[in-house]
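**Q** no sequence on this one, just coordinates:
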């Protein structure tokens, strides 16, 4: 068995950095924050050079990247790439929606807002920024998160632009796509107060809960989580571990890095501050030297950012509830966990509350809001957005009122929705012919005799065609299973 680690004796110091994309337009231009998959309309080739920061020195990480002698190719699109992303035009003022979301997160993390702040340039010459720097602005500081092991400080909240997306790397050439460059990121940095891996995981989960409660992007690549750590035996030499995405992997990664550092000490090898990449098995690999403060200098193309008191007060009045709080509320309706998860993911809590006032059937309301649209989108080869445009709020309320007045049954709701999607008028979509249940059962029995050995779905397909969709599918399936 691996040695049980005593984190107190090791003097473990640990902090987290969380980068989360916000669901708005780009931070310093009007381009949409969408990733493209089709072939680009144009390419631009560049080579970047290291420059001195505000203190007059060239950062060690910038020197390292410059020494690699890389050439960069940038792919863009005529309809979603602008001159700002190509570094051919000055940036516009910071996106107000992004600032509002970042302020919500800062306040939920108990931070103090900074009323007047300077947008900075952070030297980045690995090619991921066409300009050779990333724009970032400190908007809040001195917050905290309470955990089972004690309070952890939140040092800083920054709002910054995401980097370009690496598509391919061969030899000295790296190909980037500009679709991701400029997407707003909120950067949350904790104090190095975390004293054990379990506490690190708890902090990560709490920050994640807050982020999910706000208007952030969801899915692979929209959130990046880094671990900064050191132990006493190395003189608290800091290592930054990039890409510890899963909270479950935090514990394994920290323990693995402790063992790696202790092995260096046993071999009497020198420990250098460095940035490492997290691997799926919990181990890490070297990326580059640890950057220093000399890579930061003021952004001269933009004025000071002023975050006014009335803006902060407005945000305070509309702070969202945490996902954990909303989940607890939804559980009182005795909903299945999957439905709760979908309601939270689609941010449909308020609509759910309203519609349960129309009909006291929470499960049906949840299915209409988040489950049936997904199923119908897949079946009809449409996007969920298109489905929700057709099945707008008035249509949904009308369907629920029809159930309430017993014009249709719960089982006919999904088919009613599909009829409307296919262009049938609302009043006609509610019309279902009544069939003698005895005759329906007799027909199903005869069909099973005529075509023995078919699957349930095969029988269903034949019967739905025969009855032209005028009997709800769930009732038919129950009878099929009864006699098969």
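**A** Yep, that arrived. Computed from a predicted model, the values in this text were never measured in an experiment.

**Q** who's in contact with residue 359?
**A** Contacts of residue 359 were listed using C-beta atoms under 8 Å, 6 or more residues apart in numbering, and they are 365, 400, 401, 403, 404. Bear in mind the C-beta positions are built from the backbone N, C-alpha and C, glycine included.

**Q** next one: residue 315
**A** Contacts of residue 315 (C-beta under 8 Å, 6+ apart): 100, 103, 104, 107.

**Q** can you check residue 480 too?
**A** Per C-beta under 8 Å, 6+ apart, neighbours of residue 480: 444, 448, 456, 459, 460, 463.

**Q** surely it is within a strand?
**A** No. Residue 480: not assigned to a strand; according to DSSP: H, G, I helix; E, B strand; the rest coil it is helix.

**Q** and the contacts of stretch 23-34?
**A** By C-beta under 8 Å, 6+ apart, the residues outside stretch 23-34 that reach it are 21, 80-82, 84-85, 91-95, 97-98, 101, 135, 159-161, 179, 182-185, 215-217, 302.

**Q** weed out the non-buried ones from the residues you listed.
**A** For these, a burial check counting by 16 or more other C-beta atoms under 10 Å picks out 21, 80-82, 84-85, 91, 94-95, 98, 101, 135, 159-161, 179, 182-185, 216-217, 302.

**Q** got any ranges where the stretch 151-300 of the chain has weak pLDDT?
**A** 293-294 (pLDDT under 70).

**Q** can you map out the strands along it?
**A** Taking DSSP state E, counting those that start in this stretch as the test, the strands found in the stretch 151-300 of the chain are 165-170, 173-177, 184-190, 223-230, 239-242, 274-278, 284-289, 296-298.

**Q** closest one to residue 207 among these?
**A** Closest approach to residue 207 among the strands of the stretch 151-300 of the chain is made by strand 184-190 (5.9 Å; C-beta to C-beta).

**Q** same for the closest one, what does it pack against?
**A** Judged by 3 or more C-beta pairs under 8 Å, 6 or more residues apart in numbering; DSSP states H and E, the packing partners of strand 184-190 are strand 13-21, helix 96-108, strand 150-161, helix 197-212.

**Q** got the contact list for the second one?
**A** What it means is helix 96-108. With contact meaning C-beta under 8 Å, 6+ apart, helix 96-108 is reached by 22-25, 27, 113, 139-140, 143, 157, 159, 184, 186, 188, 210-211, 213-216, 307, 311-312, 315-316, 319-320, 322.

**Q** the last one too?
**A** Where contact means C-beta under 8 Å, 6+ apart, the residues beyond helix 197-212 that reach it are 7, 14, 16, 18, 20, 105, 108-109, 145, 147-150, 152, 186, 188, 190, 194, 218, 223, 225, 227, 247-248, 250-251, 254-255, 322-324, 344.

**Q** can you turn the buried part of the residues you listed into a ChimeraX selection?
**A** Paste this into ChimeraX to select the buried members of the contacts of helix 197-212, with burial taken from 16+ other C-beta under 10 Å:
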select :7,14,16,18,20,105,108,109,145,147,152,186,188,190,194,223,225,227,247,250,254,255,322,323,344
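
**Q** off-centre distance for stretch 107-114?
**A** Relative to its chain's centre, stretch 107-114 lies at 21 Å (C-alpha atoms, centre = their mean, to the nearest Å).

**Q** which parts of that stretch are buried?
**A** 107, 108, 109, 111, 113, 114.

**Q** point me to the helix or strand that includes the residue lying closest to the fourth one once chain neighbours are set aside.
**A** Leaving aside its chain neighbours, residue 111 sits nearest to residue 143 (3.4 Å; criterion: C-beta to C-beta, 6 or more residues apart in numbering). Using DSSP states H and E, the element containing residue 143 is strand 133-147.

**Q** how many neighbouring residues does the closest residue to residue 358 other than its chain neighbours have?
**A** Leaving aside its sequence neighbours, residue 358 sits nearest to residue 400 (C-beta to C-beta, 6+ apart; 4.7 Å). Neighbourhood size, residue 400 [other C-beta atoms under 10 Å]: 20.

**Q** how does the protein divide into domains?
**A** Listed by automatic domain parsing, the domain ranges of the chain are 8-298, 321-429, 437-483.

**Q** may I have the phi/psi pair for the closest residue to residue 408 other than its chain neighbours?
**A** Closest residue in space to residue 408, ignoring its immediate chain neighbours: residue 402 at 5.0 Å, by C-beta to C-beta, 6+ apart. The phi and psi values for residue 402, taken as degrees, to the nearest 10, are phi -60, psi -40.

**Q** and residue 330, which of the helices and strands packed on strand 184-190 is closest to it?
**A** helix 197-212 (14.0 Å).

**Q** please tell me how far residue 357 sits from residue 426.
**A** Residue 357 sits 21 Å away from residue 426, going by C-beta to C-beta, to the nearest Å.

**Q** more crowded one of those two?
**A** Under the neighbour definition other C-beta under 10 Å, residue 357 and residue 426 were set side by side, and residue 426 has more, 14 against 9.

**Q** surely residue 288 is in contact with residue 68?
**A** No. In this structure residue 288 lies outside contact range of residue 68 using C-beta atoms under 8 Å: 9.6 Å.

**Q** okay, these two: which has more neighbours?
**A** Each of residue 288 and residue 68 has its neighbours counted (other C-beta under 10 Å); residue 288 has more, 18 against 12.

**Q** buried set for the longest helix anywhere in the chain?
**A** Using DSSP state H, we find that the single longest helix of the chain is helix 247-266. Residues 247, 249-250, 252-258, 261-262, 264 are the ones in helix 247-266 that count as buried (16+ other C-beta under 10 Å).
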